[in-house]
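Participant: Pasting the sequence and the predicted model now:
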Amino acid sequence: MISILSISIYLSIYLSIYLSIYLSIYLSIIYLSILSIIYSSLSLPFIWLAQGSSNLASLRLVDFNSQNSCANVTGGGILGVEGKGLFAIQNIRKGDTIFVEKPVVSAQFLWNALYKYRACDHCLRALETAEENAQRLLGRFQLLPHPEKCSIRKELHQCCPSCQVAYCSPECRQAAWNQYHQVLCLGPSKQDSGHPLNKLQEAWRNIHYPPETSSIMLMARMVATVKQAKDKEWWIKLFSQFCNKTANEEEEIIHKLLGDKFKGQLEVLRMLFTEALYDDHLSKWFSPEGFRSLFALVGTNGQGIGTSSLSQWVRACDALELPTQQREQLDAFIDQLYKDIEKETGDFLNCEGSGLYMLQSCCNHSCLPNAEASFPDNNFILHLTAVEDIHWGEEICISYLDCCQRERSRHSRCKILHQLDLSIYLSI
């Protein structure tokens, strides 16, 4: 009787765990599908289903801070970890695109823009032709072979008629206007150093020097998005979905971004931020504690974005079918071009910024990642690609220390995200 009773208990426990896991997976699929439908119906930036075997239905989102998340996730020391995680619920092959995602909000780095790395003010698409890009980086005139492989279409470029910020297309100009630019447009005050927004940007540049890892304008666009929105509470809840930290963790993140004098600098930024953008609906964001949390949220979740018309041209040239001798000549030309650029410009090759991505921000770090983010469309659209086979139930991880784009254009900002006690930091 005892053995039969024990077996019955074990079977009951096993069945409960089994059903709990699959119920969690099922509910997660529904959750992600509903999010995708909501974003699509509202014409908001979010996620596309990836081509091939991988799509949203192949992912399970686990929120370790939520009582409704799966409590039976095992392996890899997951139990007890704070934050979120993304897991595969079907096999994903190496090279598969896991998902493609637009940011909720993004912004170019301020020093990057000041030094004439010309990018679309909305999607960060590089606006220079590949030849113009090469000439600026080289500091001299240079013709490129196969100019027809440059993807830049200048005939589509537009500027805001009031403040003259540049966009790669009418669609980007309209999208920016609809989401945040009505609030942030400087109009005739663009060159007015006394304008509150200009004072805020100048203060940021004087605090956060290259190499840049974040931008105060990412926070400004968050505020402007809420101020312009009809459903302000919906957007506030959306931004609250990004991973938050404790007060001590927030201070550590801000210290990494601003340096030893971060407390005084943070207060200066908060006062200027309040002067430029205060809104009653967001009063908590402008308090000392709320601003610190907002700052840490951007530092924790911001994904670096890198675009380059030159690297796009290189990729197109790599795909050309050429006779062996011509291929060798072209490869040698490109290799020498990058060596010359490196001597003149160093590592700063790309238009750079950062953005907040809903799904990507759920991916945890691994020193041996099975996926990586890239921007092959030469804009802010993020592609998460499997770099090795990922099996059912396996967590999808990226490296926060890897560069965000692995093109022959070697430079792209690494994001300062999820400030963890990684052993690799201890070895530096």
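Facilitator: Alright, I've got the coordinates.

Participant: For Cys362, grab the count of nearby residues.
Facilitator: Neighbour count of Cys362, defined by other C-beta atoms under 10 Å: 21. In short, each C-beta sits where N, CA and C put it, glycine included.

Participant: and the closest residue to it other than its chain neighbours, how far is that from Thr225?
Facilitator: Computed as C-beta to C-beta, 6 or more residues apart in numbering, the closest residue to Cys362 that is not its neighbour in sequence is Lys84, at 4.2 Å. Distance, Lys84 to Thr225, by C-beta to C-beta, to the nearest Å: 22 Å.

Participant: Over to Ala371?
Facilitator: 28 Å.

Participant: Then Leu310?
Facilitator: Leu310 is 32 Å from Thr225, by C-beta to C-beta.

Participant: hang on, the earlier thing: what's the pLDDT at the residue nearest to Cys362?
Facilitator: Reported pLDDT at Lys84 in the predicted model: 78.

Participant: from what I can see it touches Met358, true?
Facilitator: No: applying C-beta atoms under 8 Å as the test, Lys84 and Met358 come out as separate, 10.2 Å apart.

Participant: Can you show me the strands along the chain?
Facilitator: Remark: strands assigned in the chain by DSSP state E are 47-48, 59-63, 84-88, 97-101, 105-108, 158-159, 166-167, 303-307, 351-356, 364-365, 371-374, 382-386, 397-398.

Participant: In CSV, list those strands along with distance to Glu131.
Facilitator: Shown next, in CSV, are the strands of the chain (distance: least, C-beta to C-beta, whole Å):
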stretch, distance to Glu131
strand 47-48, 32
strand 59-63, 41
strand 84-88, 40
strand 97-101, 29
strand 105-108, 22
strand 158-159, 22
strand 166-167, 18
strand 303-307, 16
strand 351-356, 16
strand 364-365, 38
strand 371-374, 24
strand 382-386, 26
strand 397-398, 34
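
Participant: Select from those strands the stretch with the lowest mean pLDDT.
Facilitator: The stretch with the lowest mean pLDDT among the strands of the chain is strand 47-48, at a mean of 46.

Participant: Flag the shaky bits of the stretch 251-400 of the chain, pLDDT-wise.
Facilitator: For the stretch 251-400 of the chain, the stretches with pLDDT under 70 are 251-262, 400.

Participant: At which residues are the helices of it located?
Facilitator: Using DSSP state H, counting those that start in this stretch, the helices of the stretch 251-400 of the chain run over 262-277, 283-286, 288-301, 309-318, 324-345.

Participant: most neighbours per residue, which of the ones you listed?
Facilitator: Stretch with highest mean neighbour count among the helices of the stretch 251-400 of the chain: helix 309-318 (a mean of 22; mean count of other C-beta atoms under 10 Å).

Participant: Could you name the helices and strands sitting against it?
Facilitator: helix 130-138, helix 324-345 (3 or more C-beta pairs under 8 Å, 6 or more residues apart in numbering; DSSP states H and E).

Participant: which residues touch Trp392?
Facilitator: Trp392 is in contact with 88-91, counting by C-beta atoms under 8 Å, 6 or more residues apart in numbering.

Participant: same deal with Thr385?
Facilitator: Neighbour list for Thr385: 95-98, 371-374 [criterion: C-beta under 8 Å, 6+ apart].

Participant: now the helices of the stretch 251-400 of the chain as a markdown table including distance to Pro161?
Facilitator: Supplementary listing: the helices of the stretch 251-400 of the chain in a markdown table, determined by distance: least, C-beta to C-beta, whole Å:
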| stretch | distance to Pro161 |
| --- | --- |
| helix 262-277 | 22 |
| helix 283-286 | 30 |
| helix 288-301 | 30 |
| helix 309-318 | 25 |
| helix 324-345 | 33 |
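
Participant: Which of the ones you listed sits closest to Pro211?
Facilitator: Among the helices of the stretch 251-400 of the chain, helix 324-345 comes nearest to Pro211, with 13.0 Å by C-beta to C-beta.
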